[in-house]
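Participant: sequence and predicted model, in that order:
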Amino acid sequence: MPSILRRSRRRELILTKSFKNAIQEKVHPPQRSPKSIYCSSSVVDRTKFPSSLSPSTVKSPDFARPSLTLSLYRSPISNLQHHPIHTLPPELLVRVFELGSFDDTLFLITISHVCHPWRMLAIHTHTLWRRLSFDSHGLRLWKERIARARGCSLDIIITPPQHRFPDIDTLALQLHLIVPHISRARSFELRFSSYSPFLWNTTLGPICHQEQRDNDSMGAHTFAPFVHALRLEKLTLCFPENDDSKEFGLFAGVAPRLHHVTLDGIRLTWLPGLYGRLTHLDYTHHGFTTGSIAVDEVLGMIRISCALRELRICFRRRMLDGEVLYLSHDGVPAGQIHLLQLERLVLAVDKSDIDIPPELTSFLSRLSVPNLLELHLVDLRCQPANRRWWKSAPFPELRAALSLFEVTIPSSIKVLAMAGRWADHSSILSIAKRFRELRNLEADGVEKDLVNLYCLSGDLPLHDEAWT
């Protein structure tokens, strides 16, 4: 039996006026009257403000930025008192949070528990969480930071505490967490100050060349590796006590944005797709090769990274139990290697060396730097920043090295700095006479009077700034 409550016929669809007005308000919201301003979620009429409110007060920063400042700090209660710090622009607070996070890895956690506006500002600013400094804190904290960084690039830093042996298991867990996000890394830094065997194997193994094979086709096809560093701009790998002579090929040879590299105590496969666009290279030779083999190895690297603007080179000697096998990939030409864009050259001597390494002078004799502007001679044994160092005698072969500089270094350089055993005050006069376009000459951190030096040498400078 049909129910008496059921309609006998279907009701026709009619666009009512109320439904049409509701749709219009959603698509085209009505314009508010200029006599009212927004204050958080409530609308306050101007006529209800006290008469002492001047137009300059209405145009204060609180009312000039309704999208950010009012939504964070303005309360619906008009007479509620706020701390003056809440008048700071959110951009300034974000900058303060960013600077504080460099000193303390838990700083962002602390400020996000101060008040609700600061918490919302910190959590929704994804760039604050991009820095991952792995230390004694657990991996759960770093997983949360990666999640809060969303799609931002990451700055990964792994530096175990000094005077403590690195834990291999902890490093393996950290790299296991990092590898899936290595394509988002903007900078990648590994520094080890204490010795432990197989450190480079543990940390660099997961980010070397890895292939994913198709199991259904019996391994006939290979897919692109997942370790490509597509956003990487800066790479730092330092382990002076390394005794592993293995050569590593990082990121499957793909890092299109890499331009800044710092290496100490490691052998890498120098690929054009990875290091061909470098502009800054700080390289301390690993010491597994010496003599002409070491020079050819470094020159082969420089030949690939021919777009360098700044180069720092140091050769370190190492006591080896046996001979290390070195296979050169490409033959280095017998002539000079040209670095046409190099502007700053730093030649450093290790603190354990008694004299200037012959590899350094041989390397310099094979280098052509016609556009060089700055030359810095650094002695790692005697640093001017350390007040306890004492002035030692110059290198025995310093005069021969300075004679080489007169041939290989262009006379148009503007800055020359010498420190430690490089600084021979008896040779400064001849140096000033050779490089007549100098604007700054330093010896052990003390700037020399160029006008007096030029007068003593009997020559005039080739620029007017020396007299000012």
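Facilitator: The structure has been received and is ready for your questions.
Participant: residue contacts, the residue nearest to residue 271 when sequence neighbours are not counted?
Facilitator: Spatial nearest neighbour of residue 271, chain neighbours left out: residue 253 (4.5 Å); criterion: Cβ to Cβ, 6 or more residues apart in numbering. For glycine as for every other residue, the C-beta is placed from the backbone atoms N, C-alpha and C. For residue 253, the contact set (Cβ atoms under 8 Å, 6 or more residues apart in numbering) comprises 209, 269, 271, 273, 274.
Participant: wait, the third one sits on residue 249?
Facilitator: Translated: residue 271. Yes: using Cβ atoms under 8 Å, residue 271 makes contact with residue 249 at a distance of 6.9 Å.
Participant: quick check: mean pLDDT of the helix or strand in which residue 94 is found?
Facilitator: Per DSSP states H and E: residue 94 is located in helix 90-103. Throughout helix 90-103, pLDDT has a mean value of 85.
Participant: same question for stretch 262-280.
Facilitator: 93.
Participant: show me which residues of that stretch are buried.
Facilitator: Using 16 or more other Cβ atoms under 10 Å as the test for burial, stretch 262-280 gives 262-268, 270-271, 274-275, 278-280.
Participant: re the thing from before, per-residue pLDDT, the residue nearest to residue 271?
Facilitator: Looking at residue 253, its pLDDT is 88.
Participant: residue 235 should be in a strand, yeah?
Facilitator: Yes: when DSSP: H, G, I helix; E, B strand; the rest coil is applied, residue 235 is found to be in a strand.
Participant: chain neighbours aside, what residue packs nearest to it?
Facilitator: residue 261 (4.9 Å).
Participant: residues touching the spatially closest residue to residue 238 that is not a sequence neighbour, list them.
Facilitator: Excluding its sequence neighbours, the residue lying closest to residue 238 (Cβ to Cβ, 6+ apart) is residue 264, at 4.2 Å. Counting by Cβ under 8 Å, 6+ apart, residue 264 touches 237, 238, 239, 240, 284.
Participant: try it again with 6 Å
Facilitator: Contacts for residue 264 (Cβ atoms under 6 Å, 6 or more residues apart in numbering) come out as 238, 240, 284.
Participant: surely the first one and residue 191 touch.
Facilitator: Yes: using Cβ atoms under 6 Å, residue 238 and residue 191 qualify as a contacting pair, with a distance of 4.7 Å.
Participant: can you show me the helices along the stretch 51-200 of the chain?
Facilitator: Residue ranges of the helices in the stretch 51-200 of the chain, as given by DSSP state H, counting those that start in this stretch, are 55-58, 61-64, 71-73, 90-103, 107-111, 116-124, 139-149, 168-178, 199-204.
Participant: which of those helices sits closest to residue 361?
Facilitator: Nearest to residue 361 among these is helix 199-204; the distance by Cβ to Cβ comes to 29.7 Å.
Participant: now do the closest one: which elements does it pack against?
Facilitator: Applying 3 or more Cβ pairs under 6 Å, 6 or more residues apart in numbering; DSSP states H and E, we find helix 199-204 packed against helix 168-178.
Participant: go through the helix it packs on and flag the buried ones.
Facilitator: Residues of helix 168-178 classed as buried by neighbour count (16+ other Cβ under 10 Å): 171, 174, 175, 177, 178.
Participant: and the residues you listed, which is closest to residue 91?
Facilitator: Relative to residue 91, the closest of the buried residues of helix 168-178 is residue 178; by Cβ to Cβ it sits at 30.2 Å.
Participant: distance-wise, check that closest one relative to residue 188.
Facilitator: 9 Å (Cβ to Cβ, to the nearest Å).
Participant: what do those two both touch?
Facilitator: What both residue 178 and residue 188 touch, as defined by Cβ under 6 Å, 6+ apart, is the set residue 156.
Participant: look up the closest residue to residue 335, ignoring the ones flanking it.
Facilitator: Per Cβ to Cβ, 6+ apart, closest to residue 335 is residue 366, 7.9 Å.
Participant: quick one: contacts for the one you found?
Facilitator: For residue 366, the contacting residues are 299, 336, 337, by Cβ under 6 Å, 6+ apart.
Participant: all strands for the stretch 151-300 of the chain, in order.
Facilitator: Ranges of strands within the stretch 151-300 of the chain are 154-158, 185-191, 212-213, 222-223, 234-238, 247-248, 260-264, 267-268, 280-284, based on DSSP state E, counting those that start in this stretch.
Participant: residue 198 and residue 140, how far apart?
Facilitator: Distance, residue 198 to residue 140, using Cβ to Cβ: 27 Å.
Participant: higher neighbour count, these two?
Facilitator: residue 198 (13 against 8; other Cβ atoms under 10 Å).
Participant: could I get the buried residue list for stretch 360-378?
Facilitator: Neighbour counts over stretch 360-378 (16+ other Cβ under 10 Å) mark 360-364, 366-367, 369, 372-378 as buried.
Participant: whoops, I mixed them up, stretch 90-98
Facilitator: For stretch 90-98, using 16+ other Cβ under 10 Å, the buried residues are 90, 93, 97, 98.
Participant: how much space between the residue lying closest to residue 256 once chain neighbours are set aside and residue 345?
Facilitator: Among residues not flanking residue 256 along the chain, residue 230 sits closest, at 6.7 Å (Cβ to Cβ, 6+ apart). Per Cβ to Cβ, residue 230 is found 31 Å from residue 345.
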